[in-house]
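Visitor: Predicted model follows, preceded by the sequence.
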Amino acid sequence: MPRRPIVKKEYTLGERVYLVEIAKGLRLTWKHFTFNVRASFRKGPHTVPTCWQYPEDRREIAPIFRGAHMLQLNDKGQELCVGCGMCARACPAKCITVKRGKPAEGEEDKYAGKTMCASFEVDMLRCIFCGNCEKACPKGALVLGQDYELAEYEPEKCIYDKERLLANFQRAKAEGRLKPPPKPIPVDAPPPKKKAAAGKAAKASASEKAAKGKAAAPKEAKKKDDKADKAKE
Ligand code: SF4
Ligand code: SF4
């Protein structure tokens with residue numbers, strides 16, 4: 001590829017003296033300074049437009065954001081998790097441990113299924129927030145919520161047990177930060193079998209005809225050429 005020629009810029013006298021350019025830069029700096037000073041006296045948490053006043057001023061989280069895990073309850077307050085372990089099997093980081101159990105006598109109403117998780121642990125130090133566990137759960141029990149402040153002083157606190165996962169759900173529900181349910185993926189109805197078979201047969205016959213036509217075309221051309229030669233003679 002040919003290189004573009006280097007064109008040396010011709011500077012004007014004002015540019016060579018620099019004073020005008022310095023004045024222009026100072027004007028821009030002053031403009032931003034006064035804008036920010038005026039903005040900082042405005043009411044509201046997000047006063048200075050160039051920076052977010054965290055933690056008072058928080059950004060809105062996208063509904064698809066994947067944060068801390070939570071175990072959901074249904075409308076009757078029953079635990080949805082049945083302890084099947086599908087989430088643990090789908091986890092690429094192997095950070096979920098589930099033990100299945102049966103509800104104790106008289107406690108069946110606390111659970112939506114016939115079985116429940118006797119213990120549930122998520123090691124947040126290993127989690128990569130891929131969301132596979134959420135997708136694999138057949139009951140919609142495990143969800144990655146919108147909590148992103150996950151730092152702890154002790155590593156043991158980063159292993160979330162069942163109580164903490166349920167508490168995460170309760171807090172998110174109280175604060176109105178529950179994730180909207182996932183949209184169902186539209187699936188096209190399969191074509192009727194008879195029509196499909198008929199279509200295939202029609203395609204096959206069409207391709208056969210085309211092949212025959214291709215084979216016959218050079219013969220017909222040869223015949224025409226022979227006729228033309230005879231006529232000339
Ligand atoms: S988000 Fe991914 S890495 Fe984290 S627990 Fe779920 S499946 Fe495992
Ligand atoms: S969270 Fe879902 S996938 Fe995991 S054990 Fe419970 S029901 Fe099964």
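Guide: Nice, I can see it. Ligands and ions are numbered 1, 2, ... in the order given.
Visitor: Counting by contacts, list what the top strand by length along the chain packs against.
Guide: Of all the segments assigned as strand in the chain under DSSP state E, the longest by residue count is strand 116-123. Contacts of strand 116-123 with other secondary structure elements, assessed using 3 or more CB pairs under 8 Å, 6 or more residues apart in numbering; DSSP states H and E, are made with strand 69-71, strand 96-101, strand 159-160, helix 162-174. Where C-beta positions appear, they are placed from N, C-alpha and C, glycine not excepted.
Visitor: What lies in contact with it?
Guide: By CB atoms under 8 Å, 6 or more residues apart in numbering, the residues outside strand 116-123 that reach it are 69, 71, 79, 81-83, 93, 95-103, 110, 158-162, 165.
Visitor: quick one: it to chain centroid distance?
Guide: Distance of strand 116-123 from the chain centroid (CA atoms, centre = their mean, to the nearest Å) equals 26 Å.
Visitor: Which SSE is immediately downstream of that strand?
Guide: Next along the chain after strand 116-123, taking DSSP states H and E as the criterion, comes helix 132-136.
Visitor: could you turn that following helix into CSV, dropping everything but the C-alphas?
Guide: Only the C-alpha atoms of helix 132-136 are listed here, as CSV (Å, rounded to 0.1, in the frame of the first residue of the first chain):
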residue,chain,number,x,y,z
ASN,A,132,-25.3,-20.4,33.7
CYS,A,133,-26.7,-21.5,37.1
GLU,A,134,-29.6,-19.1,36.6
LYS,A,135,-30.4,-20.5,33.1
ALA,A,136,-30.0,-24.1,34.3
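Visitor: Parallel or antiparallel, list what pairs with whichever helix or strand comes after that helix.
Guide: Proceeding N to C from helix 132-136, the next assigned helix or strand is strand 142-144, under DSSP H and E. Partner strands for strand 142-144, per DSSP bridges, with pairing direction: strand 69-71 (antiparallel).
Visitor: Could you list the residues in contact with the strand it pairs with?
Guide: Under the contact criterion CB under 8 Å, 6+ apart, strand 69-71 has outside partners 79-81, 117, 120, 122, 124, 127, 133, 141-145, 160, 162, 165-166, 168-169, 172.
Visitor: Understood, closing this out.
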